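**Student:** Quick one, structure for this:
(one chain, ligands or ions: 3)
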Amino acid sequence: MTSPGENLRINGDRLWESLMEMAKIGPGVAGGNNRQTLTDADKEGRALFARWCDEAGLTLGVDQMGTMFARREGEDPSLDPVYVGSHLDTQPTGGKYDGVLGVLGGLELVRTLNDLGIKTRRPIVVTNWTNEEGTRFAPAMLASGVFAGMHEQDWAYDRTDAEGKRFGDELERIGWKGEEAVGARKIHAMFELHIEQGPILEAEGKDIGVVTHGQGLWWLEVTLTGKDAHTGSTPMTMRVNAGLGMARVTEAVHRIAMAHQPDAVGAVGQANVYPNSRNVIPGKAVFTIDIRSPDLGKLTSMRSEIEAEAARIAEELGLGVKIEPVGHFDPVTFDPGCVSAVRQAAERLGYSHRDIVSGAGHDACWINRVAPTAMIMCPCVDGLSHNEAEEISKEWATAGADVLFHAVVETAGIVE
Ligand code: HGY
Ligand code: MN
Ligand code: MN
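**Tutor:** Ligands and ions are numbered 1, 2, ... in the order given. Model (predicted):
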């Protein structure tokens, strides 16, 4: 099978137009997006993607977790397809490109094959994985995790959002609960294009990140139980202050991550105090710790140090403490064959590139457990993501999609 010639490129203008079109759905308040999973905005975004897939002649399948699989037939339909894709759901204050670039970059790859009349040996499937973000329903990468056999489907259906709504009910409500058994599809290889969500590629002036590994992660949900009391009349020595406990644990997470440098991160992003009244000492605090490292040893010791410190702080303040893991995956090593297909594509196309470890989690991290998988990254401005000001250039998007196109078509094989 010949690989595509270096002049074969995707249509960057068309890709950019599609990104801007999708960005109109579930707008944020500051130029980004709030298209959270299984909301009406997600439903609208799915419908647009489905229409575009139909216009590109793709056959759409949907599984019981709502993941969308749009298939372009290959010369030999019996062969396992090459998958591309990412996610269309966003953070509540998300950007226009996180996940979306990977889905629409996959669609653009198909549109280009259609323009050029190229037939591939293997089918190609463009994928929108449900609930990658995990912000409305924890954990992140929920549907790809069920697909990879890491979560039971019924457990996933029972995940609830802040209003107590169930994942399974919301999936039915928006009409995207498909028929297909999750994980039944056989994948020959998967490639995911994604913005870096960090500062390295832009700082080094590199067009492409060849992702060799992904950080491992723990999400630990902490519940501290104290006693509601009057902020004015309760003596300081009589307080059982869950809010104070949360503050001290949050500081400890930062301190422990700093003590494990380099290649360790930790923060608390989601936090609630109850009753959350200005003049009531919080009797309860519920917050999620997010710790990550590419080094399993560091990840494991950070978790045990944080759990020990949280217990000590709770003891000191007379608080009840419960810590529940609500998300986890070990550090990931992507498939060397797929990684070199990405690296060779960047070289063939003349794009500057460097190997990189993904700081963020992605659906590719789970799919890598069931099929050879690799990722391609493009820079983002100031490394900013999970912020409505997330920005990339059309050139960066085009370069990433070009490399995706070449790596996928080479893996799928071009029919003479
Ligand atoms: O949390 C993550 O790394 C991803 O953005 N869901
Ligand atoms: Mn993402
Ligand atoms: Mn994200």
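
**Student:** Give the buried residues for stretch 163-173.
**Tutor:** Neighbour counts over stretch 163-173 (16 or more other C-beta atoms under 10 Å) mark 166, 167, 168, 170, 171 as buried. Bear in mind the C-beta positions are built from the backbone N, C-alpha and C, glycine included.

**Student:** could you dump those residues to TSV with distance to residue 96 and pLDDT?
**Tutor:** Shown next, in TSV, are these (distance: C-beta to C-beta, whole Å; pLDDT from 0 to 100):
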residue	distance to residue 96	pLDDT
166	29	98
167	25	98
168	29	98
170	23	98
171	24	98
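
**Student:** So which bits of the stretch 51-200 of the chain are right by ligand 2?
**Tutor:** Residues of the stretch 51-200 of the chain that fall close to ligand 2, judged by C-beta under 5 Å from the ion: 98, 99.

**Student:** Helices along the stretch 1-150 of the chain, start to end?
**Tutor:** 12-23, 40-55, 100-116, 142-147 (DSSP state H, counting those that start in this stretch).

**Student:** just checking, what packs against the last one?
**Tutor:** On a contact count with 3 or more C-beta pairs under 8 Å, 6 or more residues apart in numbering; DSSP states H and E, helix 142-147 meets helix 153-157, helix 363-367.

**Student:** who wins for proximity to ligand 1 among the ones you listed?
**Tutor:** helix 363-367 (8.8 Å; C-beta to the nearest ligand atom).

**Student:** Can you name the next helix or strand after that closest one?
**Tutor:** strand 373-378 (DSSP states H and E).

**Student:** Could you report the pLDDT at the closest residue to ligand 1 within the stretch 1-150 of the chain?
**Tutor:** The stretch 1-150 of the chain approaches ligand 1 most closely through residue 140 (3.8 Å), counting by C-beta to the nearest ligand atom. Residue 140 is assigned a pLDDT of 97 by the prediction.

**Student:** Next: residue 5.
**Tutor:** pLDDT, residue 5: 73.

**Student:** Please apply the same query to residue 182.
**Tutor:** Confidence score, pLDDT, at residue 182: 98.

**Student:** Residue 121 is in contact with residue 414, isn't it?
**Tutor:** Yes. With contact defined as C-beta atoms under 8 Å, residue 121 counts as touching residue 414 (7.4 Å).

**Student:** can you give me the strands for the stretch 51-200 of the chain?
**Tutor:** 59-62, 68-72, 82-86, 124-128, 189-195 (DSSP state E, counting those that start in this stretch).

**Student:** biggest helix in the protein by residues?
**Tutor:** helix 296-317 (DSSP state H).

**Student:** ok, is it in contact with ligand 1 or not?
**Tutor:** No. Judged by C-beta under 6 Å from any ligand atom, helix 296-317 stays clear of ligand 1, getting no closer than 13.8 Å.

**Student:** Heading C-terminal from that helix, find the next helix or strand.
**Tutor:** Following helix 296-317 in sequence order, the next helix or strand is strand 320-329 (DSSP H and E).

**Student:** Pairing partners for that following strand, with directions?
**Tutor:** strand 216-225 (antiparallel) (DSSP bridges).

**Student:** Return the list of helices and strands in contact with the following helix or strand past the strand it pairs with.
**Tutor:** Scanning forward in sequence from strand 216-225 by DSSP H and E, the next helix or strand is strand 229-230. Where contact means 3+ C-beta pairs under 8 Å, 6+ apart, strand 229-230 is packed against strand 280-281.

**Student:** Can you tell me which helices and strands the strand it packs on packs against?
**Tutor:** strand 229-230.

**Student:** let's see it at 10 Å
**Tutor:** strand 229-230, helix 242-259, strand 265-274 (3 or more C-beta pairs under 10 Å, 6 or more residues apart in numbering; DSSP states H and E).

**Student:** Contacts only, for residue 274.
**Tutor:** 225, 226, 228, 242, 243, 280, 282, 283, 284, 285, 286 (C-beta atoms under 10 Å, 6 or more residues apart in numbering).

**Student:** from the stretch 151-300 of the chain, which residue is nearest to ligand 2?
**Tutor:** residue 194 (5.8 Å; C-beta to the ion).

**Student:** ok, that residue to ligand 1 distance?
**Tutor:** 9 Å (C-beta to the nearest ligand atom, to the nearest Å).

**Student:** residues touching that residue, list them.
**Tutor:** 86-87, 97-102, 105, 132, 209, 211, 358, 360, 362-364, 375-378, 380, 385, 400.

**Student:** Now do the residue nearest to residue 15 when sequence neighbours are not counted: how many residues are near it, please.
**Tutor:** In space, and not counting its chain neighbours, residue 15 is closest to residue 108: 4.3 Å by C-beta to C-beta, 6 or more residues apart in numbering. Per other C-beta atoms under 10 Å, the neighbour tally for residue 108 reads 30.

**Student:** I'd like to know how far residue 108 sits from residue 102.
**Tutor:** Between residue 108 and residue 102 the computed distance is 11 Å (C-beta to C-beta, to the nearest Å).

**Student:** Quick check: neighbours shared by those two?
**Tutor:** Joint contacts of residue 108 and residue 102 (C-beta under 10 Å, 6+ apart) are 84, 126, 193, 401, 404.

**Student:** Which pair of these spans the longest distance?
**Tutor:** Using C-beta to C-beta, the pair of the shared contacts of residue 108 and residue 102 lying farthest apart is 126 and 401, separated by 12.1 Å.

**Student:** got any residues that touch both of those two?
**Tutor:** 84, 102, 104, 105, 106, 107, 108, 109.

**Student:** All set now, cheers.
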